[in-house]
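Student: Model the structure of this input:
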Amino acid sequence: MASVCVDDQYFEVGEDGRLTLIPGQQGLRQVLYFKVPGAYTFEKADYPWLARVRVLVQAGGGGAAGARANANQLVAHPGASGGGFAERVIEVSALGATESVVVGGGGDAGTPTVDGGAGGGSSFGGLCTALGGNGGQVVMTTGATAVCHSGTSGPLAGVGDWAMGGGPGGGSFRISGGEGQSGEGGDSQLGHRGWQRASSGGGGAGRGFGSGAAGALARDGDSVNGTAGTGGIVIMELYG
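Tutor: Numbers count the residues shown, from 1 in each chain. Predicted coordinates for the structure are as follows:
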């Protein structure tokens with residue numbers, strides 16, 4: 001009769017004589033990426049070998065306000081803040097049969113006299129959550145005298161084994177009717193901030209996921225729209 005040696009760290013022989021893998025000993029088997037803002041459903045039954053998941057949740061970044069200036073004057077607004085981030089390792093026993101997956105969108109760009117929108121929160125059920133970045137506001141009035149404005153605060157931390165808020169948006173200043181600078185956007189854990197402006201136009205857009213947009217700058221009668229924030233992402237590492 002033939003015989004085999006079995007590594008009992010990874011395999012076991014059941015009462016029915018079948019050789020099977022020991023749950024939780026297979027390591028990383030699959031990675032799921034949810035990149036498009038919206039709501040999804042994770043079904044535990046689709047992964048019968050699942051032992052635990054590591055979830056990384058990045059919220060959306062804030063959008064920045066637009067700007068409008070009178071002739072021979074200048075307006076520069078602060079940048080929007082980045083979205084929060086959280087991660088958590090979850091044993092399969094703590095998962096429901098289904099768990100909701102929400103990916104927050106980037107905040108809307110503001111028009112010349114309207115604030116930018118807040119970024120959307122991202123989450124994996126109630127087990128791992130992150131708050132969206134705050135939108136940049138219309139704070140500077142048109143003028144030619146020196147003035148400065150504080151930046152935009154980042155969101156607070158959400159829920160997870162490790163959770164953090166997003167980076168703040170930078171402040172803006174005006175030196176004269178022709179010189180000034182808008183605020184940069186806020187960083188996120190998975191994205192880079194939008195760059196600030198010293199000439200008329202919308203602020204720079206962020207890169208990656210969850211970063212905040214830079215503020216707009218307008219001068220000498222210009223009227224410009226703001227810039228949208230970048231959307232979030234949810235990443236699930238599935239371990240067997």
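Student: Now tell me which helix or strand of the protein has the poorest mean pLDDT.
Tutor: Lowest by mean pLDDT, DSSP states H and E among the helices and strands of the chain is strand 19-21, with a mean of 58.
Student: can you pull the contacts of the residue nearest the centre of the chain?
Tutor: Closest residue to the average C-alpha location of the chain: residue 210 at 2.6 Å, with Cα atoms, centre = their mean. Listed by Cβ atoms under 8 Å, 6 or more residues apart in numbering, the contact set of residue 210 reads 58-61, 82-85, 104, 119, 133, 166, 188-191, 229-233. For the C-beta atoms, the positions are set from N, CA and C on the backbone; glycine is no exception.
Student: Go again with 6 Å.
Tutor: Residues in contact with residue 210 (Cβ atoms under 6 Å, 6 or more residues apart in numbering) are 58, 59, 60, 61, 82, 83, 188, 190, 191, 232.
Student: Out of the residues you listed, list just those in helices.
Tutor: Judged by DSSP state H, the subset of the contacts of residue 210 located in helices is empty.
Student: Serialize those to CSV and add fields for neighbour count and pLDDT.
Tutor: Formatted as CSV, the contacts of residue 210 follow (neighbours: other Cβ atoms under 10 Å; pLDDT from 0 to 100):
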residue, neighbour count, pLDDT
58, 31, 99
59, 40, 99
60, 37, 98
61, 49, 98
82, 42, 98
83, 46, 98
188, 35, 98
190, 20, 98
191, 31, 98
232, 34, 98
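Student: between those residues, which is nearest residue 138?
Tutor: residue 61 (18.3 Å; Cβ to Cβ).
Student: Quick one: residues contacting the closest one.
Tutor: Taking Cβ under 6 Å, 6+ apart as the test, what residue 61 contacts is 82, 83, 106, 119, 133, 188, 206, 210, 211, 212, 229, 230.
Student: Tell me who's in contact with the fourth one.
Tutor: In other words, residue 119. Contacts of residue 119 by Cβ under 6 Å, 6+ apart are 59, 60, 61, 62, 83, 104, 106, 107, 132, 133, 229.
Student: Inside strands: which ones of the contacts of residue 61?
Tutor: Using DSSP state E, no member of the contacts of residue 61 falls within strands.
Student: Run through the protein and note the low-pLDDT ranges.
Tutor: Where the chain drops to pLDDT under 70, the residues are 1-14, 16-24.
Student: Make sure I have this right: residue 45 is in a helix.
Tutor: Yes - under DSSP: H, G, I helix; E, B strand; the rest coil, residue 45 sits within a helix.
Student: Tell me how far it lies from residue 95.
Tutor: Residue 45 is 11 Å from residue 95, where distance means Cβ to Cβ, to the nearest Å.
Student: Compare these two and say which one has the larger neighbour count.
Tutor: Shown here are residue 45 and residue 95; by other Cβ atoms under 10 Å, residue 95 has more neighbours (18 against 8).
Student: Tell me how far the nearest residue in space to the more buried one that is not next to it in sequence lies from residue 53.
Tutor: Nearest residue to residue 95, sequence neighbours excluded (Cβ to Cβ, 6 or more residues apart in numbering): residue 44, at 5.3 Å. Distance, residue 44 to residue 53, using Cβ to Cβ: 9 Å.
Student: So for the two, which residue has more residues nearby?
Tutor: Neighbour count, other Cβ under 10 Å: between residue 44 and residue 53, residue 53 has more, with 25 against 14.
Student: surely that one meets residue 90?
Tutor: Yes - counting by Cβ atoms under 6 Å, residue 53 touches residue 90, with 5.2 Å between them.
Student: All set now, cheers.
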